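Q: no sequence on this one, just coordinates:
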């Protein structure tokens, strides 16, 4: 069965990955170096590594069912399922281990509607969701860490520690919104008890703070262009690996 979509045709790469053919080639070479395509016994993969990576990216980008997507790559639904299970975790972003001394990070949580109710709970959007803590570098807007998903009914204050995102950044300076009050994250000024109005300098500081913190919202907007983050059908760790993989692709686009 011949497929319609293939990485050998460069025009298919950008729509499904957001990467240029050159960036996509670098990604595939990095995956090979990381051991994503070992010589193994038994039945070989029906698709080369390039097409398997493109299939996973297309699945995340379009959120088509595998029954719909598999014929476009010329494979069966079960083969496409195995590709997603194998390649998805290999595309995951590795958290940064070291930061500059003067680095400033921004954290915020985003909700991903998730159909697997074993890992999700009803959240403020009234849907079963998972809460993902995402940390970016304030200067480069690159994602540096993504915490493990917690149930969507957990607020950011709790999710920050439970997800492992707090441990991932260590003692690096982190800023966030008012939901992180009391966690050690730098948050905007608030009126104290009995205080009618903030001083002007605090208003100005909060305005600057909002402009900087908005960068993480811009990152979420770009990541949510991947439709699987609007309605994830993956089970178990699938939603976590999808978030990590999309973060890695986002970083590759920004890095150029």
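A: Happy to help now that I have it. Bear in mind that the values here come from a model prediction, so they are computed numbers and not experimental data. Residues are numbered from 1 along each chain as shown.
Q: Follow the chain on from the longest helix along the chain and name the next helix or strand.
A: The longest helix of the chain (DSSP state H) is helix 200-223. Going down the chain from helix 200-223, the next helix or strand is helix 238-255, by DSSP states H and E.
Q: Remind me what that next one packs against, helices and strands.
A: Packing partners of helix 238-255 (3 or more C-beta pairs under 8 Å, 6 or more residues apart in numbering; DSSP states H and E): helix 21-33, helix 49-62, helix 77-90, strand 128-137, strand 143-146, helix 200-223. Glycine gets a C-beta too; all of them are placed from N, C-alpha and C.
Q: Okay, buried residues for it please.
A: Buried positions in helix 238-255, judged by neighbour count with 16 or more other C-beta atoms under 10 Å: 238-252.
Q: I'd like the distance between residue 165 and residue 176.
A: 11 Å (C-beta to C-beta, to the nearest Å).
Q: Kindly report the same for residue 59.
A: When distance is defined by C-beta to C-beta, residue 59 is 31 Å away from residue 176.
Q: which of these two has more neighbours?
A: Taking neighbours as other C-beta atoms under 10 Å, residue 59 and residue 176 compare with residue 59 leading, 29 against 25.
Q: can you count the residues close to the residue lying closest to residue 135 once chain neighbours are set aside?
A: Residue nearest to residue 135 in three dimensions, not counting chain neighbours: residue 145, with 4.3 Å by C-beta to C-beta, 6 or more residues apart in numbering. Neighbours of residue 145 under the rule other C-beta under 10 Å: 25.
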